[in-house]
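Asks: With the sequence up front, the predicted model follows.
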Amino acid sequence: MKLKRLTAFFFIIALLCGCSAPAPAQRSFFAMDTIMTLTVYGDENTAALCEEYVFSLEQLLSAQLPESDTAKLNAAQGNEVELHGETVELLEAVVDFCHEADSFYDPTVYPIVKEWGFIDGNYNIPNEARIAELLEKVGYENISLNGNAVCLSDGVQLDFGACAKGYAADKLTEILKEKNVSSALLDLGGNIQAIGCKPDGTAWKIGVADPFSPSESVGTLAAVDCSIVTSGNYQRSFVDENGVRRCHIIDPHSGFPVDNGICSVTVVGKNGTRCDMLSTALFVMGTDKAVDFRRKNDDFEMLIITDGGELLISEGLVEKFTPSKKYSDVEVIRLEE
Ligand code: AMP
Ligand code: MG
C-alpha cells in the first residue's frame with residue numbers, strides 16, 4: 001500500500017534542468033509516511049541537518065509512534081500532558097484554523113480516519129451507528145491549551161496528518177535562512193517548499209499531478225519563495241464492494257470520506273502550515289464553499305480539479321500556470337476577486 005501511495009505523492013516534482021550552478025546537496029529519505037527529497041544549494045551538512053530535523057519532528061508528531069507527543073496526548077484520557085514547544089506551536093495554529101475553516105479541517109476526526117482503515121490499510125466501511133458514536137468525540141473545541149499543558153476531553157484523539165509536512169516545511173525554511181541558503185527546493189511528498197528561485201535566477205517549475213493519471217501532470221506552476229500543497233482523492237483511497245472509491249480525507253461533519261466532485265486542490269501561499277491545512281479544508285468544503293472562502297481570504301491562491309476534468313484557478317495563479325499538452329484545451333475558469 002505504501003508503494004502505491006508513494007508513486008502518487010512523488011509525482012509533484014521539481015523540474016531542475018537548465019541550471020549551470022554547482023551541484024546542490026540532495027537528500028532523499030522516507031519520513032512522515034512519504035518519500036521526501038531536499039535539494040539545497042548549500043553544503044552537505046546543512047542538508048543533513050534538515051533531514052535530521054524532519055526525523056525529530058516526526059518523533060514528536062506522529063500518532064503512530066508511542067513516544068510521540070501526539071500518542072501521549074491521545075492516550076491521556078482527559079488528563080493534561082506537557083508537550084514540547086513545537087507541538088504546542090503547531091496545535092495553536094491548528095485550533096485557530098479549525099475555527100476559521102468552520103471545522104471542515106479538524107484533526108480530532110482521527111478516530112474516524114482510523115475506523116475506515118486509512119491508518120493501517122485494513123479498509124472497512126463502518127456502520128452508521130459506529131460513525132455516529134465516533135462523531136460525538138470529534139470537535140476541536142475538545143482541545144484545551146494552557147501554555148505547554150494540553151488536554152483532550154476523554155475519548156478524543158487527534159493527528160497532524162493534514163498539517164505536519166507543511167509545518168516541517170516552515171521550520172526547514174527557518175533553518176535554511178539561518179544558514180544563509182537562498183536557493184532550495186523541499187519536496188515533502190505532496191508538499192513543496194520553494195526557497196528563493198533556481199540558482200540561474202528563474203522560478204522553480206513544479207508539476208501538479210493529474211488526478212486521473214497521477215504519474216502525469218496537468219501542468220506546471222512557476223514558484224519563488226512559496227509553499228505549494230496538494231490534497232487529492234488519488235493520494236490514498238480504496239474501492240469498496242459496490243465499486244465506490246473512498247478517499248482518505250473525511251468530512252468531520254458527516255464522518256464519511258469526501259465525495260463532492262473535487263479530485264484535488266492545490267494551494268499556493270507563503271506559509272507551509274497554512275497551505276497544508278487549507279488544501280485539506282478546501283477539499284472538504286467542495287467547490288462553492290472553497291470559492292467563497294477564497295473570495296474572503298486573499299493570502300493564498302488555489303487550483304481545483306473537478307471530477308469532470310475542469311480546472312478552476314484563482315486569478316493570481318493564472319500567469320504562473322502552464323497547462324500540459326493534454327490539458328491545453330481545458331477551460332481555465334478564473335475565480336474573479
Ligand atoms: P492532506 O493530504 O494534507 O489533505 O491530509 C490528509 C490526512 O489528514 C488524512 O490522511 C488523515 O490522516 C487526516 N485527515 C483526514 N480528513 C481530515 C480533516 N477533515 N481534517 C483534518 N485532518 C484530516
Ligand atoms: Mg493538508
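Replies: Received it, and whenever you're ready, just let me know what you need. Ligands and ions are numbered 1, 2, ... in the order given.

Asks: only C-alpha atoms for contact and neighbour calcs from this point on.
Replies: OK.

Asks: ok, which stretches of the stretch 101-250 of the chain are helices?
Replies: Secondary structure of the stretch 101-250 of the chain by DSSP state H, counting those that start in this stretch: the helices cover 110-115, 128-135, 164-178.

Asks: I'd like those written out as a markdown table, with mean neighbour count added.
Replies: Shown next, in a markdown table, are those (neighbours: other C-alpha atoms under 10 Å):
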| stretch | mean neighbour count |
| --- | --- |
| helix 110-115 | 22 |
| helix 128-135 | 14 |
| helix 164-178 | 21 |
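
Asks: and of those helices, who's closest to ligand 1?
Replies: helix 110-115 (6.0 Å; C-alpha to the nearest ligand atom).

Asks: Identify the residues contacting the closest one?
Replies: By C-alpha atoms under 8 Å, 6 or more residues apart in numbering, the residues outside helix 110-115 that reach it are 119-120, 124, 126, 131, 134-135, 157-159, 248-250, 255.

Asks: Quick check on these: which are buried?
Replies: By neighbour count, with 16 or more other C-alpha atoms under 10 Å, these hold 131, 134-135, 157-159, 248-250, 255 as buried.

Asks: which one of those is nearest residue 104?
Replies: In terms of C-alpha to C-alpha, no member of the buried ones among the contacts of helix 110-115 lies closer to residue 104 than residue 250, at 8.9 Å.

Asks: List the residues that contact the nearest residue to the closest one once chain neighbours are set aside.
Replies: Closest residue to residue 250 apart from its sequence neighbours, by C-alpha to C-alpha, 6 or more residues apart in numbering: residue 257 at 4.2 Å. Residue 257 makes contact with 246-251, according to C-alpha under 8 Å, 6+ apart.

Asks: Contacts (any at all) between ligand 1 and stretch 216-232?
Replies: Yes. Judged by C-alpha under 6 Å from any ligand atom, stretch 216-232 comes into contact with ligand 1 at residue 231.

Asks: Now do the same for that stretch: mean pLDDT, whole number.
Replies: Across stretch 216-232, pLDDT averages out at 97.

Asks: How about stretch 25-33?
Replies: pLDDT averaged over stretch 25-33 gives 97.

Asks: And for that stretch, what's in contact with it?
Replies: Stretch 25-33 has contacts (C-alpha under 8 Å, 6+ apart) with 2, 35-44, 47-48, 51, 54-55, 58, 62, 165.

Asks: Stretch 241-257 vs ligand 2: in contact?
Replies: No. Using C-alpha under 5 Å from the ion, stretch 241-257 stays clear of ligand 2, with a minimum separation of 9.3 Å.

Asks: now do stretch 98-117
Replies: No. If you take C-alpha under 5 Å from the ion as the test, stretch 98-117 misses ligand 2, and the best it gets is 8.8 Å.

Asks: tell me which element the spatially most central residue of the chain falls in.
Replies: Using C-alpha atoms, centre = their mean, the residue of the chain that lies closest to the mean C-alpha position is residue 276, 3.9 Å off. Using DSSP states H and E, residue 276 sits in helix 272-285.
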